[in-house]
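sequence and predicted structure, then a few things I'm wondering about:
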Amino acid sequence: MIDNISTIHFLKEMLYLIPLLILVFSSMIILLVDVFAESSNKRYLAPLTSLFLIFSAISIFWLYKYIPKSGVKILYNMVYVDHFSLVISAMLIIAAIITVWISSDYLERYGIAIGEFYSLLLISLTGMILMVSTTNLFTMFVALELFSIPIYVLAGFFRVYGKSIESSIKYFISGSVASAIMLYGIALFYGVFGTVEFSEIERHIFNHYDSVAQIAKTEPLLILGTLLIMAGFLFKTAMIPFHMWTPDIYEGAPTTVTGFMGFAVKATSFAAFFRVVVSIFNTPSLVYSENGTISPSSWINVIYVLIIITLIVSNLIAMSQRNVKRMLAYSSISHAAYLMIAILTFSLSKTKDSYGSLLFYLLTYLFASIGAFAVLSIFEKNGSNSVTLENLNGASKRSPFLVASMLIFIFSMAGVPPFGGFFGKFYLLKSAFVDGSLSTLVLIAVITSVIGAFYYLRVLVFMFMKDVESDENIETLNVPFLGKLAIALSAIAVVYLGVFPNSLIQFMGETISNFFIK
Amino acid sequence: MGVYIFYLFGTGLIATSIVAILMKNPVHSVLSVVSSFFFLAGIYAGLSMQFLAVIQILVYAGAIMVLFIFIIMLFDLQKSEYSKDRFLWRDLVPLALILITAAGFISAISRSESIKNYVANAKLPSNFGSVSAVSFEFFGTSNSVGRFSFLFEVISILLLSAIVGAVVLAKRKL
Amino acid sequence: MAPLSLYIMLSTILFFIGLTGVLVRRNIIIMMVSIEIMLNASNLALVAFNRFRFYDSNDGMIFSFLIIAIAAAEVAVGLAIVIAIYRKKKTVMIQDLNVMKH
Amino acid sequence: MDTIRGWLPYILLFPLMGMLINGILGNYFSKKWIHRIAIAAVLIPFVIMTTLFFSLQSLPEESRSVIVHIASWIEVGYLKISFSLLLDQLSAIMVMIITGIGTLIHIYSVGYMHKDSSYSRYFTYLNLFIFAMLMLVLGSNILMMFIGWEGVGLASYLLIGFYFQEDSKASAGKKAFITNRVGDFAFLIGIFILLFVVGSLDFAEIREASNTGVITGVVATIITLMFFIGATGKSAQIPLYVWLPDAMAGPTPVSALIHAATMVTAGIYMISRLHFLFILSPFTMSIIAIIGALTAFFAATIALVQTDIKKVLAYSTVSQLGYMFLAVGVGAFPAAMLHLVTHAFFKATLFLGAGSVIHAMSDEQDIMNMGGLKDKIKTTHKTFLFATIAITGVLPFSGFISKDEILWRAFATGNGVISNLPILLWIVGIITAMLTSFYMWRLYFLVFHSGQTRHQDERVIAHIHESPLSMRLALWILAGLSIVGGYIALPHFIAHSAPIIHSFQNWLDPYFSTSIENTKIVHSASMEAIFMFVSWGLALFSFFWAKKWYFKEKSITSTMWANSFKTVYNILQKKYYVDEFYYWLIDIFIIKFSHKILWRTVDFVLIDGFLIRGIIGWGTYITGRVLSIFQNGNLQFYVITMVAAIMAIFYWMIW
């Protein structure tokens, strides 16, 4: 039990949460500004929001230098800030900045209330950052809800369009059920250990249990809790067969929101799951059987099988999709499988490489995915809230800039050198391959990524090769300044990651904190 | 004595919950849930969590469920509308699924050592479950901060976002 | 007093009743009510564990408070979504909401 | 050494900076500043390179290969690929050509594009191209070369489709893009095989491996064939040449820079760079020589009947590239490089001259509508004439020297695979030289002589004017180079008496030292003199023939050709029906087949059929379709799936 901390000390510890505090206060400021501003001045909300986000990013940069490598546990162990959480937070903030830049014009085209959008985005971002910087199941659950609820609203933000509101309710119901399931798992964990602090849970498991078989016999509650918490994460990361919500919600949500949640929700859930896996699930007695081999009924094998299913099924279904947003939804599912491979590799081998490759993959996926959705949001026809392959016909004539950027994003996601995505996949699979026990998985991943290349390239086929039948669509597209900036920067980042991956992947490897290696 | 109260409230809880998910009319359903929350509050009280029991009734039954009632009233659903929600034969699949899963869960729980041999312990801390305990955890004392005060603040932001979200979604004009 | 295992079983049964409601009812409002039942099942488990095993702290109970607040937030948003749906489609039945598929 | 180390990276940096500045801020600059920045971004590297050339020359012969390590790029286990630049005899020449001609063409573009509204976009693309091309030639490993390779492809695509608003021009860009992808795919496969065999992509290590016998015959043949297919895509050889004539849709300076002087020679450069690999496989070498000779011949025949001024030059380019491949195929790498250099001079002059003509004729490109421009645009006329003499191979001009060298080497180099090949190659080459002379003179006479201008529109004729100074300046410099450019290498029989004069070959020989031992010359140098007069005579013959037909106005009837050799004329007019054949191939296999047999059900893949169906087939698509049936839009089904999965995992984990 920790001693009570004084108010002053509490406030001092809050300093570690400066990025969060900036986000929370700016979300409120933006609400207020939105209320009092003239409607003609509302277009300044996007720059204002991004300014706040940049402040927050700067504070993260500052914190990164300030905190020790072992990280800091603050506020009665409710929050744990370390380099890992800061790196993920930085990525999330970048995602939010890009989203804000693109959304400003997108929302204006639809004539939708703006201030609330940014405010909810910031609150959601707060929840995400909190979720990745905690080692406490209670805080984690609260943070999960904190980022989920604004996302439910954002998905249904275009409530006058049937698809948007439908995606919102589908996300809401399935998400609530998933979090209720996860909550039950947390309750069971609390019941077994009396604490929800990762390190104490780990110590407890380590001291009291020997092997998976023994746990299954004497303390099935523990396995039940593991399963339910894992199910919650599998839902959020959309591993097949927990993925069914993904395509519908990606299709229906406003495109910029899809871009944001396509990356941010996934990255947050993976980061949090990574923590849970590394410190709780990875305890030897939850993985190994008595004779020291990996137990057939451990969670590792479950994830292993799910990865294989996900890789194969998601790529196959994606090939038959006509709607680009749905196709990208399935593509995001297959990317989730890759990230899962990285988690599996790390929990088996604990190398810096596999850790770095997870973060690097997330980074490449960040720019490629949000960039692709950003391009789609501009191609989207007003009111339809979706983009089919046919909408992209003759795109190369309408805006070469967008098409060139889309080319880069698509190539990156398909894993074509020299773009970031290729090295993301390459490093990830290489570290998985080195581990040895995962070589089958690597083989399947390579084969399915070849299949994947085809549906990605199909987007390009439609953009380049197809001509528009009617003349009405030929007018060139006007890309707004902020949107152009966002897309161009993402494209440059993707290229940069592909051309100079080395320094960044090494940096990512260095950010590993004592939490993960111990 | 306590055992019988538990059995009584437990049976009532399960019965009213089942009724809640069986009722065609959403108003009946919600009212049934409200009564199940009363039973739940009774169980909380039996576990010496008086304050939680009060909150359960005040907030859950009194506020949240009333919100449901309001919305249902707002829609003014006709019988023809909500009777579209009827049992289909294919619903046997999820039912079977749930029965199998529940059976597995319950057998797993009953085998668990951590809960097998626990009966009520008489020597509770003096302020267990009381308002003072709750206030201490949430708000601390005059010169220290409560353990859960941070989460309390987070919840306030969550409620803020819920309010903003509800306003955005429910207002008529874009 | 009844043993802990009974409380936990009660909470499990409650949890599955809630899940059943989500899976077989088509009225979105009742589905949301069922989700509330599921959350209450977790609350019951938390409280029971707190009372029986970890009575020197109040963590379980405090977390139940937080969950009640979270549930309130969820309900507020959920019902707002339902209002928007009802305005747009004049229905609250989930099977009528399948524009997006395949 | 240190000067080179210090300055080499700037050669790459300046075009990159120019591209970024104009690309990002170009819309805010005036046109004057846009082209100043763009020109400086190419001119400064040229100046740097010129200095570096002399410092390279001052080094001892064996150490004229400087590697500048900039950053380590990929480091995964044994595989280390660094981002480093390689300056040696070969890349020095290429960089000089690229930056030198690049500068001139930038200057020329100032005049040519002055009315265009997308001024900054144009110069951004040009600088991007220069950057990518320099990356291609300066890279010290194949991966960097490949990235430059793709980069020039991208720049080329962007510039061909520069007027993307026009349908036909945008589709020309597409054609180039697709055709090049075929080649690039083969190139990539070659790279992977090489990586697998050698374990490194560094040129030095590949050279080491091929000298020490790590790469054996069959493997070498496969790798080199793959690389050669890549080269046929980029350098427009049979069967992938179809994109180059269409690529003339881009602005004319672009045709001069990319599609005549630099990018299309990337294939030659690549093979020369990796010559130690290619000479391991005599089979591939023979294939290259044959393909090169055939391309030279067929493209020249097509050029005989084209009436679009740029198309004639385009087919001429294809034909001249064929010569270079012929040279490469017989192991005469320095000769190929020499022809590359001289061709860059005179073909750039020709294209720029053509651009000047088009400019004067208010964007008219049909030579049947020109004529009699001799006195109206004097500078253009003179420079065009010099370049024409150069390409047709008349003695004092540059084209003669390089072409003659190639023909002689083709004849003189023995072939171990097909013994009669040298003489056949020589015959094809000499006939091609004759045809070249004919179509070039035809072009020249039809444009500048042959009586009065034949254009329908009086206003156009009245508007004919000489180009602005910037264009004339570039023309004069390039024309001068086409005249004297060949003197860096004199014919063997002269060089024998004064070996120093053959400086080009001496400069390159150290790099190609391996190949010299491997390709033996079976004839004496004195025969070269005889051959020289044969080819000279044939060129002269063509000149008089062309003059007879096209010099005077009264005989300007393209019907002459058409009447006397109707069938041949038609075939040539239709470019051997190659485009039609490719179209037919696609039509039969992709469109008709799916249309008739798999009609409705396949409607979908019909559109993108050749991508999906070719490789993975129907299985995946149908499986995907079936699997997505479960995605039925019903939320409860989604949740049920989730619960079912939880149940399955639960029973798995608990037992």
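The structure has been received and is ready for your questions.

can you tell me, leaving aside adjacent residues, what's nearest to A:Val416?
A:Phe422 (6.0 Å; CB to CB, 6 or more residues apart in numbering or on different chains). C-beta here means a position set from N, CA and C on the backbone, and glycine is covered the same way.

name the residue closest to the centre of chain D, please.
D:Val264 (0.6 Å; CA atoms, centre = their mean).

ok, it - contacts?
D:234-236, D:244, D:258, D:317, D:321 (CB atoms under 8 Å, 6 or more residues apart in numbering or on different chains).

could I get these in TSV, plus columns for secondary structure and distance to D:Leu407?
Shown next, in TSV, are those (DSSP: H, G, I helix; E, B strand; the rest coil; distance: CB to CB, whole Å):
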residue	secondary structure	distance to D:Leu407
D:Lys234	helix	25
D:Ser235	coil	20
D:Ala236	coil	21
D:Leu244	helix	23
D:Ile258	helix	27
D:Thr317	helix	19
D:Leu321	helix	16
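
let me know the closest of these to chain C.
Chain C lies nearest to D:Lys234 out of the contacts of D:Val264, by CB to the nearest CB, at 42.3 Å.

mind listing what's buried along the helix or strand that contains D:Ser535?
According to DSSP states H and E, D:Ser535 maps onto helix D:526-550. Using 16 or more other CB atoms under 10 Å in any protein chain shown as the test for burial, helix D:526-550 gives D:528, D:531-532, D:535-536, D:538-539, D:542-543, D:546, D:549-550.

stretch C:82-99 now?
C:82-86, C:88, C:91-94, C:97.

who's in contact with it?
With contact meaning CB under 8 Å, 6+ apart, stretch C:82-99 is reached by A:156, A:159-160, A:162-163, A:165-166, A:168-170, A:173, A:252, B:71, B:74-75, B:77, B:81, B:84-85, B:169-170, B:172, C:26-29, C:31-32, D:632-636.

okay, residue 102: pLDDT?
No chain specified, so I'll use chain A. A:Ile102 is assigned 92 on the pLDDT scale.

wrong one, chain C
We have a pLDDT of 73 for C:His102.

not counting residues beside it along the chain, what's closest to it?
What sits nearest to C:His102 in space, not counting adjacent residues and going by CB to CB, 6+ apart, is D:Ser628, at 4.9 Å.

measure the one you found to A:Ser314 for me?
Distance of D:Ser628 to A:Ser314, given as CB to CB, to the nearest Å: 11 Å.

of these two, who's got more company?
A:Ser314 (29 against 21; other CB atoms under 10 Å in any protein chain shown).

tell me the contacts of that one?
With CB under 8 Å, 6+ apart, A:Ser314 has these contacts: A:240, A:243, A:330-331, A:333-334, A:337.

just to revisit the earlier point, filter the contacts of stretch C:82-99 down to the buried ones.
Among the contacts of stretch C:82-99, those classed as buried by 16+ other CB under 10 Å are A:156, A:159, A:162-163, A:165-166, A:168-170, A:173, A:252, B:71, B:75, B:77, B:81, B:85, B:169-170, C:26-29, C:31-32, D:633-636.

and these, which of them are in helices?
Per DSSP state H, helices hold the following members of the buried ones among the contacts of stretch C:82-99: A:162-163, A:165-166, A:168-170, A:173, A:252, B:71, B:75, B:81, B:169-170, C:28-29, C:31-32, D:635-636.

thinking again about what came up before, closest to D:Phe278 out of the contacts of D:Val264?
D:Ser235 (14.4 Å; CB to CB).

so what's the closest one closest to, chain neighbours aside?
D:Gly267 (3.1 Å).

returning to that earlier point: neighbour count, distance to D:Ser72 and pLDDT for the contacts of D:Val264 - can I get that in JSON lines?
Below are those laid out as JSON lines (neighbours: other CB atoms under 10 Å in any protein chain shown; distance: CB to CB, whole Å; pLDDT from 0 to 100):
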{"residue": "D:Lys234", "neighbour count": "28", "distance to D:Ser72": "28", "pLDDT": "87"}
{"residue": "D:Ser235", "neighbour count": "29", "distance to D:Ser72": "32", "pLDDT": "87"}
{"residue": "D:Ala236", "neighbour count": "30", "distance to D:Ser72": "36", "pLDDT": "84"}
{"residue": "D:Leu244", "neighbour count": "26", "distance to D:Ser72": "37", "pLDDT": "82"}
{"residue": "D:Ile258", "neighbour count": "25", "distance to D:Ser72": "32", "pLDDT": "85"}
{"residue": "D:Thr317", "neighbour count": "29", "distance to D:Ser72": "39", "pLDDT": "91"}
{"residue": "D:Leu321", "neighbour count": "31", "distance to D:Ser72": "36", "pLDDT": "91"}
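
so where is chain C shaky, pLDDT-wise?
Across chain C, no stretch falls below the confidence threshold (pLDDT under 70).

rewinding a little: counting contacts, what elements does whichever strand or helix holds the residue nearest to A:Val416 pack onto?
If you go by DSSP H and E, A:Phe422 is part of helix A:420-435. On a contact count with 3 or more CB pairs under 8 Å, 6 or more residues apart in numbering or on different chains; DSSP states H and E, helix A:420-435 meets helix A:324-349, helix A:352-379, helix A:400-414, helix A:439-464, helix A:481-499, helix A:501-510, strand D:65-76.

of these, which approaches A:Ala318 most closely?
Per CB to CB, nearest to A:Ala318 of the helices and strands packed on helix A:420-435: helix A:324-349, 3.6 Å.

ok and the closest one relative to helix A:420-435, angle-wise?
Angle, helix A:324-349 to helix A:420-435, by axes from the mean of the first three to the mean of the last three CA atoms, to 10 degrees: 30 degrees.

briefly note if helix A:324-349 comes near chain D.
No. Contact of helix A:324-349 with chain D (CB under 8 Å from any CB of the partner chain) is absent, the minimum separation being 8.8 Å.

tell me how far that helix is from the chain's mean position?
Taking CA atoms, centre = their mean, to the nearest Å, the mean C-alpha location of helix A:324-349 is offset from the chain mean by 10 Å.

show me what that helix packs onto, helices and strands only.
helix A:220-237, helix A:245-252, helix A:255-276, helix A:299-319, helix A:352-379, helix A:420-435, helix A:439-464.

turn those helices into CSV, columns for mean pLDDT.
As requested, the helices and strands packed on helix A:324-349 are arranged in CSV below (pLDDT from 0 to 100):
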stretch, mean pLDDT
helix A:220-237, 94
helix A:245-252, 92
helix A:255-276, 95
helix A:299-319, 92
helix A:352-379, 92
helix A:420-435, 87
helix A:439-464, 82
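
if we can go back for a sec, looking at the helices and strands packed on helix A:420-435, which is closest to D:Glu205?
Closest among the helices and strands packed on helix A:420-435, using CB to CB: strand D:65-76, at 11.8 Å.

which helix or strand lies directly C-terminal to the closest one?
Once the chain leaves strand D:65-76, the next helix or strand it forms, by DSSP H and E, is strand D:79-88.

that following strand: which residues count as buried?
D:80-88.

flag the shaky bits of the stretch 501-650 of chain D, pLDDT-wise.
Looking along the stretch 501-650 of chain D with the criterion set at pLDDT under 70, you get D:501-503, D:514-528, D:553-566, D:569, D:573-579, D:581-621.

likewise for chain A?
Those would be A:1-3, A:381-384, A:465-475, if you go by pLDDT under 70 across chain A.

can I get the CA coordinates of the helix holding A:Phe422 in CSV?
Extracted C-alpha coordinates of helix A:420-435, given in CSV (Å, rounded to 0.1, in the frame of the first residue of the first chain):
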residue,chain,number,x,y,z
GLY,A,420,7.9,2.8,-45.6
GLY,A,421,5.5,0.0,-45.6
PHE,A,422,8.0,-2.3,-47.2
PHE,A,423,10.5,-1.9,-44.5
GLY,A,424,7.8,-2.1,-41.8
LYS,A,425,6.9,-5.5,-43.1
PHE,A,426,10.4,-6.4,-43.8
TYR,A,427,11.8,-5.7,-40.3
LEU,A,428,8.8,-7.2,-38.6
LEU,A,429,8.9,-10.4,-40.6
LYS,A,430,12.6,-10.6,-40.3
SER,A,431,12.6,-10.4,-36.5
ALA,A,432,9.8,-13.0,-36.5
PHE,A,433,11.8,-15.2,-38.8
VAL,A,434,14.9,-15.0,-36.7
ASP,A,435,13.0,-16.3,-33.8
